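S.K.: coords please:
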Amino acid sequence: MPPDWVVLPGKVLHWSGDPRGTKWNPSVWSRLSEDQPDVVLVGGWGQPTMLAAAAFCRARSVPYVLFTETHLLHPRPLWRRALKLPLASWMVAGQAAALPAGTASRDCLVHYGADPDRCFLFPYTPDAEELALRSRALEPRREELRATFSLAGREVVLFCGRLSPEKGPDVLLRAFASLRARRPRALLWLVGDGPLRRPLEAEVARLDLPDAVRFEGFLPPSRLAEVYVAADLLCVPSRWEMWGAVVNEAMACGRPVVASRRVGAARDLLDETTGRTFPEEDPEALAGTVEEVLCLGAEERGRMGEAARRRALAAGFPLCIASFRRALETALGGRG
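M.R.: Predicted coordinates:
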């Protein structure tokens, strides 16, 4: 029996300042021509392969649904905006429907000419129901988990992700140095690895915070529920973040989140009942915001965590499935 998916051969070209690279799959046009699809899902406008797929659809009158995580929450150089305007406008003008990752992405599509009534929210999400079940089962063992991770008696501020510049762990460390002076029981728990680990370790030594900052390193996804349950809150200090599924993960596990305003998920998932936001690259504002949540106390943070869990579940797989179906029905003109 043939597979129901195929990975097209291609190349990734790496340019200075672009760690993800530029993807090109030369056979995309011929493959689409061979398959004769009724509708095509195109994943954004930033890669030649996606532009070629959209060009095929427009040439053959095949409707396409555009998925994008892009938003306008962080500034871009003038040259990049000038280059992006015609490409994005062309892609949006030809789409039959769209699946933006969140309201910030929807606003971006509308900025380039999309009909908001043809945009259906499709947020990045883990299996929120599974995480909610696992974390609830782990809650009675919270103190045991904290002892296992050597966190007993501490106010644990969690960072979970890649230790790289765009994620802002250096901003968080500067904020924590200020926070620590006011809350001596606070501990910064960095779960993950990346190119900033050694510079961060050096800065921890310079600030004389060896007992207040812990580098956990990479942990497998199967242990993430334990990590979230053991922490008091998650901090996402990203300089830019198209969505940030780590926000959904922590919230599904019943933990409040503090995130920068450049995190796409913050727009849709965070408010006074589920967490807080702060101005990006502002360590003092971040320190004050984290302290505000810690000062709520365990009981109030627990209520905030439960509200966060409900919000994450509402943004989970059922929403994505419903949006996907509506986008396909819209693209196909109401046909099944």
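S.K.: Show the contacting residues for the nearest residue to Val204 once chain neighbours are set aside.
M.R.: With C-beta to C-beta, 6 or more residues apart in numbering as the criterion, Val204 has its nearest non-adjacent residue at 4.8 Å, and that residue is Val213. No exception for glycine: its C-beta is placed from N, CA and C like everyone else's. Shown in contact with Val213 (C-beta atoms under 8 Å, 6 or more residues apart in numbering): Leu173, Phe176, Leu187, Leu188, Leu190, Val204.
S.K.: what helix or strand does Pro123 sit in?
M.R.: Assigned by DSSP states H and E, Pro123 belongs to no helix or strand.
S.K.: quick one: contacts for it?
M.R.: Pro123 makes contact with Ala101, Gly102, Trp243, Asn248, Ala265, Asp268, Ala315, Leu319, Cys320 under the criterion C-beta under 8 Å, 6+ apart.
S.K.: show me the contacts for the first one.
M.R.: The neighbours of Ala101, taking C-beta under 8 Å, 6+ apart as the test, are Phe67, Thr68, Glu69, Leu121, Phe122, Pro123, Tyr124, Met242, Trp243, Gly264.
S.K.: How far off centre is the host helix or strand of Cys108?
M.R.: Per DSSP H and E: Cys108 is located in helix 103-111. Relative to the centre of its chain, helix 103-111 is centred 16 Å away, using C-alpha atoms, centre = their mean, to the nearest Å.
S.K.: Give me the contacts around that helix.
M.R.: 66, 68-73, 92, 98, 100, 114, 116, 119, 121, 242, 264, 267-268.
S.K.: CA atoms of that helix as PDB?
M.R.: Only the C-alpha atoms of helix 103-111 are listed here, as PDB (Å, rounded to 0.1, in the frame of the first residue of the first chain):
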ATOM      1  CA  THR A 103      -4.800  36.700  16.200                       C
ATOM      2  CA  ALA A 104      -1.500  38.500  15.700                       C
ATOM      3  CA  SER A 105      -0.900  36.400  12.600                       C
ATOM      4  CA  ARG A 106      -4.500  37.000  11.400                       C
ATOM      5  CA  ASP A 107      -3.800  40.800  11.800                       C
ATOM      6  CA  CYS A 108      -0.700  40.300   9.700                       C
ATOM      7  CA  LEU A 109      -2.800  38.600   6.900                       C
ATOM      8  CA  VAL A 110      -5.400  41.400   7.000                       C
ATOM      9  CA  HIS A 111      -2.600  43.900   6.800                       C
END
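S.K.: Which positions in that helix come out as buried?
M.R.: For helix 103-111, the neighbour count (16 or more other C-beta atoms under 10 Å) marks Ala104, Ser105, Arg106, Asp107, Cys108, Leu109 as buried.
S.K.: which residues touch the residue lying closest to the first one once chain neighbours are set aside?
M.R.: Pointing back at Ala104 there. Using C-beta to C-beta, 6+ apart and skipping the chain neighbours, the partner closest in space to Ala104 is His71 (3.6 Å). His71 makes contact with Gly102, Ala104, Ser105, Asp107, Cys108, Met242, Gly264, according to C-beta under 8 Å, 6+ apart.
S.K.: Repeat the analysis, applying 10 Å as the threshold.
M.R.: 100-109, 111, 240-243, 262-264, 267 (C-beta atoms under 10 Å, 6 or more residues apart in numbering).
S.K.: what's the answer for Val92, then?
M.R.: Here Val92 is in contact with 45, 54, 66, 68, 98, 108-115 (C-beta under 10 Å, 6+ apart).
S.K.: That concludes my questions; thank you for your assistance.
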